[in-house]
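please find the sequence and the predicted model below.
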Amino acid sequence: MTPQNITYSLKRTRFDEHYCPCQNTRLTTNFANLARGSRREQNLRQTLDMINNRFNALAHWDNPAGDRYTVELDIVSVHMHFTAGVTNTLLPLIEILSTTVIDHHAGKRLPGVVGNNFSSYVRDYDFSIVLPAYNAHRPNFSAPADFGALHGKLFKGFVGSTVYQQTFIKPPVICLSVSSSRTYERTGHYHPVLGYEYRQDEYSLTDAYFQKMGLRVRYFMPAGNRAPLALYFSGDLLNDYTPLELISSLSTMETFQKIYRPEIYNANATAGATYQPSLQHEDYSLTRIVYDREERSRLAIEQGKFAEAHFIKPYHMLLEQWSAHFAD
């Protein structure tokens, strides 16, 4: 089975105050978590207000009233198709977020960044099924040598696909929380948009996982933020993207992290020169947005099992053959 036997397709869903998760969306997707319950529209409206306010605070030049820009968000659902040996099988693969910047002064729509949030059925399988099983009887935590290899190839296959190249202008940038198992040191490097750069003492398992996806990582703390963000990218992060593109990602993902990880990103104290993130930190403020973190952890296991039952096991041989022929 060659790489030509897998193709990808995209579906866009607008993330706004009227957003409802599609029937086949990953329920662990963070924006799906926000869009359920009696406060769903209020949750979504407040989230979008936070994103737009943060964007205008970071894009402050020629913006004296702080109302020049709004950010439009689309959830991009990626499906994979087997086109040999299986009859047009359609399998959900990943979901990412695409931003568009609306410049109300200039009357323009500007492309933002694709990537941002990142969710994946296969990643749920790797972290919630494979990793616990591998470490069940081991005295020291570790990961299998091939951990994340298939997922990395599937992601690189998508980014290199015709559908990606025809839809998006630039490679993706994924923006995540820093790891609570690592220590970060502030460097002397300051970027006018991204802020102070940090470096960590050792790469995390997530960093290694994203490296297999072809993505490097750098850590920056924008002005006014409480903690650094982890930015995963290929190419040249500082020169390949415009300031407004970078701000579209920062404002979006900083807002989500304030909701998901308030102990880190909505802390009442700012990260210092040496910083150790902690989800046990107690000096933080909550947003008014309802987010069920316990439900997300439970669903990650359930959806890892779903990926195993409906993707990994039935197509094991096909995936092995495809992976063996895949050229990075």
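Nice, I can see it.

check which element follows the helix or strand of the chain with the lowest mean pLDDT along the chain.
Taking mean pLDDT, DSSP states H and E as the measure, the chain has helix 30-34 as its least confident helix or strand, at a mean of 57. Tracing the chain past helix 30-34, the next element assigned as helix or strand by DSSP states H and E is helix 40-58.

for that next one, the averaged confidence score.
When pLDDT is averaged over helix 40-58, the result is 91.

so who does H151 touch?
By CB atoms under 8 Å, 6 or more residues apart in numbering, the contact set of H151 is S120, V122, R123, D126, Y209, K212, M213. No exception for glycine: its C-beta is placed from N, CA and C like everyone else's.

dihedrals phi and psi, it?
phi -60, psi -40 (degrees, to the nearest 10).

for burial, what's the neighbour tally of V130?
When counting by other CB atoms under 10 Å, one arrives at 19 neighbours for V130.

could you measure from it over to R123?
Counting by CB to CB, to the nearest Å, the gap from V130 to R123 is 10 Å.

would you convert the contacts of H151 into JSON lines that also reports pLDDT?
Compiled in JSON lines, the contacts of H151 are given as follows (pLDDT from 0 to 100):
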{"residue": "S120", "pLDDT": "90"}
{"residue": "V122", "pLDDT": "92"}
{"residue": "R123", "pLDDT": "93"}
{"residue": "D126", "pLDDT": "95"}
{"residue": "Y209", "pLDDT": "96"}
{"residue": "K212", "pLDDT": "96"}
{"residue": "M213", "pLDDT": "97"}
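
in helices, which of the residues you listed fall?
V122, R123, Y209 (DSSP state H).

and the residue lying closest to the second one once chain neighbours are set aside, what pLDDT?
Sequence neighbours aside, H151 is the residue nearest to R123 in space, at 6.0 Å (criterion: CB to CB, 6 or more residues apart in numbering). At H151, the model reports a pLDDT of 95.

and what of W61?
At W61, pLDDT is 96.
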